[in-house]
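Student: need a 3D model of the sequence below.
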Amino acid sequence: TSEMTKTAKHAFTAVPTHRDDKEGFAETSKHASNAKSSGPVTEMDGSLTVGCVCVRLIQLVCIFIFYLLLPFCFFVGFIQLATSIIWPPGNFCISITKIDGRGRDWILNSDGTIAAKHQADLVLGLGHHLVDRGSERQLVLNEETISALKSGDYVTFTTASGQGIGKNKETQEPYATLEDYTWQVIEAEDKASAESTILVRYQNDNFIMDVNDNMALDVSNGMHEAGNTDNFVEADDDVAASTEMAGGGRDWVINVEDGTISPKSATHLALGRGASALILVEKGHSRQIVMENMEGLMNGETISASLSSPGNGDLVLSKKYEEYKEYQEWHYIEGIAQNAKERAIHIRYEDGNYLRLVNSDTGKDENLVFDVSFWNMVEGNTVNYVGGECNYSRGLFSYIDWYF
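Tutor: Numbering: from 1, shown residues only. Model prediction:
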């Protein structure tokens, strides 16, 4: 036992502490001091200090940006949630093809006509128009008419085929179109014979004037493009405007070489017939359209848009071109009628309101319906095929995606 105690005591005292060995403690402190004061360690310590400052600055910037963006993120999230609740599930459309209460609402009449629901005295019809010069549909005047016009004489407005151009007095109506001036407007139309045409004169090498009523031939709205309509216009006596107003849609040139008449600022166009623009006309008008298969249309069938009148059953409703044009958020194709059965559009009456176009090859619905231009229910306004752009989602991000 005494041997074990001695051994334990020796083990305990064999490892002195710095506190018991002051000299050893001092020596250890001295070594530590020498280590801290060495050159290389001091340089490393300075580099670490600069690095810490940079890291700290980066941390502060990140924190600042985080707290700056946090309110914005909460705001965007709230708006997204709110719009998702307000807008119902399903297709999210900024511009909707089937909008009721405006210019896309139609009534089918048992007499074969199609009326604007909110202006039932107006129906779909066809306008006299401009065509591309050289087209088989351009009007060609006979030699006597050309010679008389160039000489400034009075002459009946007669074509080489014996037909003529006249006025449809049923369309006579005053309306303001330019700077609040009031104009009397009568649509130009084809006449079956020279006896029913009007007497005209080519005045000042510019105006084609109706001699009896002192009215000037005018391109609708001054828009020189194929398919646009033309009318006879006259300024009222109580206004300062002049019937003979140059520089717009009343400037014409007689093309002696081919017997045509062109707008002076658009000689690639000529007065013509066929491929008439689809417009609104008064019900009962000679150029109102009558559908050949109205019964099928009323029964919800998809039909070929063939017309029994005007014409002799040889006209169909068609597209002026195949590629969409765009206006703001809408895409559209202008509506015309022409003598080309193979180019007839196919249509279906939907929801007791809309006239939907259907692809004749695939049988699938096209994203187009009949629409009155700018929803302006006035006689002579054009009717086009219009569709909206849809995004199949909802909420704020759907709107942003659609907008950009």
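
Student: contacts, neighbours, all on C-alpha from now
Tutor: Will do.

Student: can you give me the helices in the protein?
Tutor: Taking DSSP state H, the helices of the chain run over residues 2-13, 22-36, 39-86, 143-151, 294-298, 396-403.

Student: pLDDT at Ala344, what is it?
Tutor: In the predicted model, Ala344 carries a pLDDT score of 96.

Student: same thing with Ile400?
Tutor: 49.

Student: grab the nearest non-local neighbour of Ile345.
Tutor: Residue nearest to Ile345 in three dimensions, not counting chain neighbours: Ser318, with 5.2 Å by Cα to Cα, 6 or more residues apart in numbering.

Student: quick one: contacts for that neighbour?
Tutor: Under the criterion of Cα atoms under 8 Å, 6 or more residues apart in numbering, the contact list for Ser318 reads 305, 335-338, 343-345.

Student: now flag whichever of those is closest to Lys117.
Tutor: If you rank these by distance to Lys117 using Cα to Cα, Gly335 comes first, at 18.7 Å.

Student: isn't the closest one right up against Asn384?
Tutor: Yes. A contact is recorded between Gly335 and Asn384 when judged using Cα atoms under 8 Å, the distance being 4.8 Å.

Student: what's in contact with stretch 97-104?
Tutor: Around stretch 97-104, the neighbours that count as contacts under Cα under 8 Å, 6+ apart are 116, 118, 353-355, 367-377, 386-389.

Student: re earlier: show me whatever sits in contact with both of Gly335 and Asn384.
Tutor: Residues touching both Gly335 and Asn384 (Cα under 8 Å, 6+ apart) are Leu278.

Student: ok, these two, which is more surrounded?
Tutor: Gly335 (25 against 22; other Cα atoms under 10 Å).

Student: check what pLDDT the more buried one gets.
Tutor: According to the prediction, Gly335 has pLDDT 92.

Student: residues touching it, list them.
Tutor: Taking Cα under 8 Å, 6+ apart as the definition, contacts of Gly335 comprise 277-278, 317-320, 383-385.

Student: put together a markdown table for the contacts of Ser318, with distance to Tyr154 on each row.
Tutor: Below are the contacts of Ser318 laid out as a markdown table (distance: Cα to Cα, whole Å):
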| residue | distance to Tyr154 |
| --- | --- |
| Ala305 | 41 |
| Gly335 | 36 |
| Ile336 | 33 |
| Ala337 | 33 |
| Gln338 | 33 |
| Arg343 | 41 |
| Ala344 | 41 |
| Ile345 | 43 |
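
Student: who wins for most neighbours among the residues you listed?
Tutor: Ala337 (29 neighbours).

Student: pLDDT weak spots in the stretch 251-400 of the chain?
Tutor: Applying pLDDT under 70 to the stretch 251-400 of the chain flags the ranges 274-275, 390-400.

Student: can you do 50?
Tutor: Within the stretch 251-400 of the chain, the set of residues satisfying pLDDT under 50 comprises 391-400.

Student: residues near Lys150, how many?
Tutor: 16.

Student: what do you get for Asp361?
Tutor: By other Cα under 10 Å, the residues close to Asp361 number 7.

Student: give me every residue that touches Trp375.
Tutor: Neighbouring residues of Trp375 by Cα under 8 Å, 6+ apart: 102-104.

Student: show me what the residue nearest to Ile345 bridges to in the sheet.
Tutor: The bridge-partner assignment for Ser318, based on DSSP bridges, gives Ile336.

Student: so how far is Val211 from it?
Tutor: As judged by Cα to Cα, to the nearest Å, Ser318 and Val211 stand 36 Å apart.

Student: just Lys325 next, same as before
Tutor: Relative to Val211, Lys325 is positioned 40 Å away (criterion: Cα to Cα).

Student: Ser304 now?
Tutor: The value you get for Ser304 to Val211, if Cα to Cα is used, is 43 Å.

Student: out of those two, which sits in the busier spot?
Tutor: Set side by side, Ser304 and Val211 give different neighbour counts by other Cα under 10 Å, the larger being at Ser304 (24 against 16).

Student: hmm, that one is touching Arg343, no?
Tutor: No. Proximity of Ser304 to Arg343 does not meet the contact threshold set by Cα under 8 Å, at 9.7 Å.

Student: thanks again, I'm all set now.
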